[in-house]
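Student: Structure here, sequence nowhere to be found:
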């Protein structure tokens, strides 16, 4: 009987997906391990990096940047085999064609990210919209599970949504879900884009206009409102009115029945959800009132959604009769 | 060699679908012949009947009524073999389950029309929403052909839409498309449901409020507006503002890129389409402006859509490996 070493000299290899959530300022990265169906996957070594920006060559520079991070993660985690890469970006994204149509802060127009990333990385790459990916994660594993007609509404600096009707996410070539840029009644009586009043960013900015020495954000405005500051109370109420308006539009127009709220503003809890539900109710008639819940996966929803999409690429490839070996 | 009669005593049998478009006042019926793919089918013997109403038993009475019309059509058209029946109704409809959820003017709640009609008629029956069926017809054969992200907006007494995103009609269990009941800015500065200002019905009603001796409808209000009547001009402009608001919401929220306008108001032509396009433009920013076109199939779109759906039942049945013979 041959002797068997207690420890193999070869490190055990576990397969993982490297996920990126590219933002206008920072890019978050993490190695996402496989999980049982319905389980939230473990993410290893989440790090934030300053997003590489270049006004002249925004697309190629981002590809270089992400490829550099891939090499760094591969070197630093030799025990993990990176089998695929998931990338999400903000703005307008054509997920079917893998193209970044437009992103105000990042500067590209119609850049073929998926093809360029796959060519550079020599790995399968999924390419998607950040809020869309976060929505997919909430629907697959989080607060949106089982919902057929759901809105995943991310309320932060700006506002965007992932919309699911009849169990499918609406895409419209990247244009579906930009609810922050739909019109809503403005506090002064006119109309303006909803996120100009309803976003966490707007709440802080509008309070700053009234109090130029203010240095906080939406959280601090809420604290002031609870302490009796009437300007803060008004700005908070106007934000809720704007959000309620857009949610009620989505209910009346496309039949949304569940709203999952994520992003910074969701942390306000009852101070947000209770008045919001009341105002939505007043804007509806025969329609069933939507269930409002807080997102479950928190700030990592985008990374997880991005990884889920990359894992789908792998299982699609492995179920094909004959594919080339993945590197 | 046996002698062959020049004319067979048996009448040649052509297959047809009997289509019904049930409204709150009238029900339209017609025999729809098969057509080549992409061709608008011929409709034989279109008739209007007073819809049978019964506040106590609205569902069963409608089933009796439609079954009576089926027998009448079968008797009067012995040369046609009625192979299936298509039925559309207004209100909230669960097309997947074949259920009329709710119809204000007709009175039913959660009535299983498809099952009851099939049981009574002993024929395959399709059951759908009137505006949804009209939209399907416009997308298949009319002004919406080839559009992936389209709104078929029917502006008549009330307003409803069929919404198509990524090439599929949104259903949400019957709740998608009720844009007439979504909020829009009211002329007096508040909010009210869009059809209270934007529908042809509202245009006539609002002018009547200002001129109690008025006896026309939206068409006459438009004529007065063109002749310089300032009240008529204001009411017309307010209707267009309401329609523009809801269309711009659909563009910004779900990425609609084509709007097919049907119903009575579409007959206004340029007087409707030109100011509407201008106002929609002002409510959008980065979004591509939607193409606005008039519906092509006119008042028979609902009948044709209803028939298309019934024909699909037949082709699905005939492509199954083994089905019972259809009567």
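Tutor: The structure has been received and is ready for your questions. In this text, all values refer to a predicted model and were calculated from it rather than measured experimentally.
Student: just checking, what packs against the helix or strand hosting residue A:161?
Tutor: If you go by DSSP states H and E, residue A:161 is part of strand A:159-165. Applying 3 or more CB pairs under 8 Å, 6 or more residues apart in numbering or on different chains; DSSP states H and E, we find strand A:159-165 packed against helix A:130-141, strand A:150-155, helix A:230-254. Where you see a C-beta, it was placed from the backbone N, CA and C, and this is true even at glycine.
Student: Pull up the pairing partners for it, direction included.
Tutor: strand A:150-155 (antiparallel), strand A:168-169 (antiparallel) (DSSP bridges).
Student: ok so, going back, could you point out which of the helices and strands packed on strand A:159-165 sits nearest residue A:175?
Tutor: Checking the helices and strands packed on strand A:159-165 against residue A:175 by CB to CB gives helix A:130-141 as the closest, at 11.8 Å.
Student: tell me what the closest one is packed against?
Tutor: Applying 3+ CB pairs under 8 Å, 6+ apart, one finds that helix A:130-141 contacts strand A:14-22, strand A:80-89, strand A:150-155, strand A:159-165, strand A:168-169, strand A:258-262, helix A:301-319.
Student: Quick one: mean pLDDT over the following helix or strand past the second one.
Tutor: Scanning forward in sequence from strand A:80-89 by DSSP H and E, the next helix or strand is strand A:92-94. Predicted confidence along strand A:92-94 averages 94 (mean pLDDT).
Student: and the next element down the chain from strand A:92-94?
Tutor: strand A:99-102.
Student: Name the residues of whatever helix or strand comes next after that following strand that come out as buried.
Tutor: For strand A:99-102, the following helix or strand on the C-terminal side (DSSP H and E) is strand A:109-111. For strand A:109-111, a neighbour-count test (16 or more other CB atoms under 10 Å in any protein chain shown) marks residue A:111 as buried.
Student: Do strand A:109-111 and chain B come into contact?
Tutor: No. For strand A:109-111, no contact with chain B is found by CB under 8 Å from any CB of the partner chain; the gap never falls below 11.4 Å.
Student: what's the distance between the residue sitting nearest the centre point of chain A and residue A:309?
Tutor: Here the mean C-alpha position of chain A is nearest to the C-alpha of residue A:131 (CA atoms, centre = their mean), at a distance of 3.1 Å. Residue A:131 is 13 Å from residue A:309, where distance means CB to CB, to the nearest Å.
Student: Residue A:32 too?
Tutor: According to CB to CB, residue A:32 and residue A:309 sit 11 Å apart.
Student: Overlap in contacts, the two.
Tutor: Common neighbours of residue A:32 and residue A:309, using CB atoms under 8 Å, 6 or more residues apart in numbering or on different chains, are residue A:86.
Student: Secondary structure element holding residue A:59?
Tutor: Applying DSSP H and E, one finds residue A:59 within helix A:58-76.
Student: Just the residues contacting that helix, thanks.
Tutor: A:18, A:20, A:22, A:27, A:29, A:31, A:45, A:49, A:51-54, A:82, A:85, A:87, A:100, A:106-108, A:111, A:113, A:116-117, A:120-121, A:123.
Student: now that helix, how far from the chain's geometric center?
Tutor: 21 Å (CA atoms, centre = their mean, to the nearest Å).
Student: repeat for stretch A:109-118
Tutor: Remark: stretch A:109-118 is offset 19 Å from the chain centroid, using CA atoms, centre = their mean.
Student: So which residues on the stretch 201-327 of chain A come close to chain B?
Tutor: Near chain B, when you scan the stretch 201-327 of chain A using CB under 8 Å from any CB, you find A:245-246, A:248-257, A:283, A:285-288.
Student: and if we set it to 10 Å?
Tutor: Contact residues (CB under 10 Å from any CB of the partner chain) of the stretch 201-327 of chain A with chain B: A:245-246, A:248-257, A:282-288.
Student: Put the buried members of the residues you listed into a ChimeraX selection.
Tutor: The following ChimeraX command selects only the buried members of these, with burial defined by 16+ other CB under 10 Å:
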select /A:245,246,248,249,250,251,252,253,254,255,256,257,283,284,287
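Student: Report the closest residue of the stretch 51-200 of chain A relative to chain B.
Tutor: residue A:172 (2.6 Å; CB to the nearest CB).
Student: which one is that residue nearest to, not counting chain neighbours?
Tutor: residue B:255 (2.6 Å; CB to CB, 6 or more residues apart in numbering or on different chains).
Student: same check, this time on residue A:268
Tutor: Using CB to CB, 6+ apart, the nearest residue to residue A:268 is residue A:222, at 5.6 Å.
Student: how close does residue A:238 sit to chain B?
Tutor: 14 Å (CB to the nearest CB, to the nearest Å).
Student: Could you tell me how many residues sit around that residue?
Tutor: 19 (other CB atoms under 10 Å in any protein chain shown).
Student: In chain A, where is pLDDT below threshold?
Tutor: Scanning chain A for pLDDT under 70 picks out A:1-12, A:319-327.
Student: swap the cut-off to 50 and go again
Tutor: Where chain A drops to pLDDT under 50, the residues are A:1-9, A:322-327.
Student: any idea how it splits into domains?
Tutor: A:14-135+A:300-315, A:146-295 (automatic domain parsing).
Student: out of the ones you listed, nearest to residue B:271?
Tutor: Residue B:271 sits nearest to domain A:146-295 of all these, at 23.8 Å, using CB to CB.
Student: Surely residue A:231 is in contact with residue A:221?
Tutor: Yes. If you go by CB atoms under 10 Å, residue A:231 and residue A:221 touch, sitting 8.8 Å apart.
Student: Find residues that contact each of these two.
Tutor: Residues touching both residue A:231 and residue A:221 by CB atoms under 10 Å, 6 or more residues apart in numbering or on different chains: A:206, A:207, A:211, A:214.
Student: Let's see if you can find the most crowded of these.
Tutor: That'd be residue A:207 among these, by other CB under 10 Å, with 23 neighbours.
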